[in-house]
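>>> all I have is the shape, not the residue letters:
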């Protein structure tokens, strides 16, 4: 009788150990979600995960241009006279972030607050005076001179009727 009891106890311990091991294996296979960036126009908003992110470390130099040129997965429609609100999580703001338009850096100094507002008309005209109907915006997390994350959103100009 003692042998059967001991064997059942050992079996339960082995099953419990197996369940814990399987649980840890499943957890280690999960990717940690990237911080979110959010773009809001009026009452509409889109949130997006990073298209390029290396867990807060610098993105490889050879990958940067590809990251900046990736097509945005999220689109938001804006009128030319709208105000666009950009928001990032505190961990992004702490390092600093800046905007790129069409893969080109739009500002020199990183911003260190979690929220900012920019008029929509700033995104739909080029330096040559030409206007466009959409703009690819990259929200770029920086750490010194290193690029550490890229979030993409497409601004689509509302068609005037």
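Looks like it arrived, so ask away. Here the structure is a predicted model, which means the values were calculated and not measured. Residues are numbered from 1 along each chain as shown.
>>> can you pull the contacts of residue 35?
Taking Cβ atoms under 8 Å, 6 or more residues apart in numbering as the criterion, residue 35 is in contact with 49-50, 53, 88-89, 91-92, 149. Every residue, glycine included, has its C-beta placed from N, CA and C.
>>> the same query, at a cut-off of 10 Å, please.
If you count contacts by Cβ atoms under 10 Å, 6 or more residues apart in numbering, residue 35 has them with 49-50, 53, 56, 88-93, 141, 149, 151.
>>> closest to residue 73 among those?
The closest of the contacts of residue 35 to residue 73 turns out to be residue 49 (Cβ to Cβ; 8.7 Å).
>>> while we're on the closest one, how confident is the model there?
For residue 49, the pLDDT comes out at 94.
>>> do you know the pLDDT at the residue lying closest to residue 65 once chain neighbours are set aside?
In space, and not counting its chain neighbours, residue 65 is closest to residue 103: 7.2 Å by Cβ to Cβ, 6 or more residues apart in numbering. Residue 103 is assigned 89 on the pLDDT scale.
>>> residue 103: how many residues sit nearby?
14 (other Cβ atoms under 10 Å).
>>> and if you look at residue 39?
Residue 39 has 24 nearby residues by other Cβ under 10 Å.
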